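1. Structure, please.
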Amino acid sequence: MARLIRMDGSGHTTLAEWSSADDRAFAEAVERFGSQLELGYIGTVPDGPGKATHVRELPREADLVIMRRPIAGG
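-> Prediction:
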């Protein structure tokens, strides 16, 4: 089961879960992913220890997608 989570003050919050065969659950996850982007979150897919790929669309085949705030600084 794939998960969309948001990193937040509690550690993380699960926003959606889907399987590759469940079109309805994936559509709901896409909607939640989009609403998080509108709030300023960034979507990433872990690629191994200390690595992640930035995603602008929810990848159906990903096991885990993490929404996080951009890092502040300059």
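2. can we go C-alpha only for contacts and neighbour counts from here?
-> Will do.
3. Can you list the low-confidence ranges for this protein?
-> Along the chain, segments meeting pLDDT under 70 span 72-74.
4. Show me the strands in it, by range?
-> 2-8, 11-18, 42-48, 51-55, 64-68 (DSSP state E).
5. Pick the most deeply packed of those strands.
-> Highest mean neighbour count among the strands of the chain (mean count of other C-alpha atoms under 10 Å): strand 64-68, with a mean of 21.
6. now for that strand, which elements pack on it?
-> strand 2-8, strand 42-48 (3 or more C-alpha pairs under 8 Å, 6 or more residues apart in numbering; DSSP states H and E).
7. Reformat these as CSV; add distance to residue 17.
-> As requested, the helices and strands packed on strand 64-68 are exported to CSV (distance: least, C-alpha to C-alpha, whole Å):
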stretch, distance to residue 17
strand 2-8, 4
strand 42-48, 15
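8. out of these, nearest to residue 27?
-> Closest to residue 27 of these is strand 2-8 (C-alpha to C-alpha; 12.2 Å).
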